[in-house]
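K.L.:
got a sequence here, can you model it:
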Amino acid sequence: NKFEFIEVRDYYNPTLFRLVLGENHILTRIDPKETIKFSYVLQPRVRGEYPFGPLSVIVKDRLGFNSEERIVPKSVTKILIYPPYEDIKRIEILGSKRSLSLNYGIQRSKMK
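P.N.:
Okay, here's the model as predicted:
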């Protein structure tokens, strides 16, 4: 069998990440010793530590009748998601304003 096309797919959990830009896979031809690169952007839905991967490589013939898939060993990576820095600063500022108002008796109230 002569395989002419390669598909590389990088798996992620769609309940934890949203694909924002690009694709998490590529289907192309590749010559011996050639390198292919592709990129995509994910937006995390929640913070925490999550597994990312594995990487799957599928080789196919021209007509798609024959294919063979391999999972790349040790291609699962754990990533740690923190809240954005801007959100942390905003929480710190809100917290400091709140503590100042509690310390000095400044309160907002509505008259009905």
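K.L.:
need the helices for this structure, in chain order.
P.N.:
Secondary structure of the chain (DSSP state H): helices at 85-104.
K.L.:
report the central residue of the chain.
P.N.:
residue 42 (3.7 Å; Cα atoms, centre = their mean).
K.L.:
which one is that one nearest to, not counting chain neighbours?
P.N.:
residue 17 (4.1 Å; Cβ to Cβ, 6 or more residues apart in numbering). In this view, the C-beta of every residue, glycine as well, is placed from N, C-alpha and C.
K.L.:
give me the distance between the residue nearest to the centre of the chain and residue 67.
P.N.:
In this view, residue 42 and residue 67 are 26 Å apart by Cβ to Cβ, to the nearest Å.
K.L.:
who does the residue nearest to residue 42 bridge with?
P.N.:
Counting by DSSP bridges, residue 17 forms beta bridges with residue 44.
K.L.:
begin at 51 from here
P.N.:
All set: I'll call the first residue 51, so the last point we hit is now residue 67.
K.L.:
surely it and residue 91 touch.
P.N.:
No - when contacts are counted by Cβ atoms under 8 Å, residue 67 is not listed as touching residue 91 (9.8 Å).
K.L.:
so those two - more neighbours on which side?
P.N.:
Shown here are residue 67 and residue 91; by other Cβ atoms under 10 Å, residue 67 has more neighbours (19 against 10).
K.L.:
do a quick rundown of the strands in the protein.
P.N.:
Using DSSP state E, the strands of the chain run over 55-60, 67-72, 75-78, 90-94, 98-102, 105-110, 117-121, 127-131.
K.L.:
name the spans of the chain whose pLDDT lies under the cut-off.
P.N.:
51, 133-162 (pLDDT under 70).
K.L.:
redo that, cut-off 90
P.N.:
51-55, 63, 66, 79-88, 92-103, 109-117, 123, 125, 127, 129-162 (pLDDT under 90).
K.L.:
follow-up on the earlier one: possible to save the strands of the chain as TSV with distance to residue 84?
P.N.:
Formatted as TSV, the strands of the chain follow (distance: least, Cβ to Cβ, whole Å):
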stretch	distance to residue 84
strand 55-60	10
strand 67-72	21
strand 75-78	10
strand 90-94	21
strand 98-102	25
strand 105-110	14
strand 117-121	18
strand 127-131	24
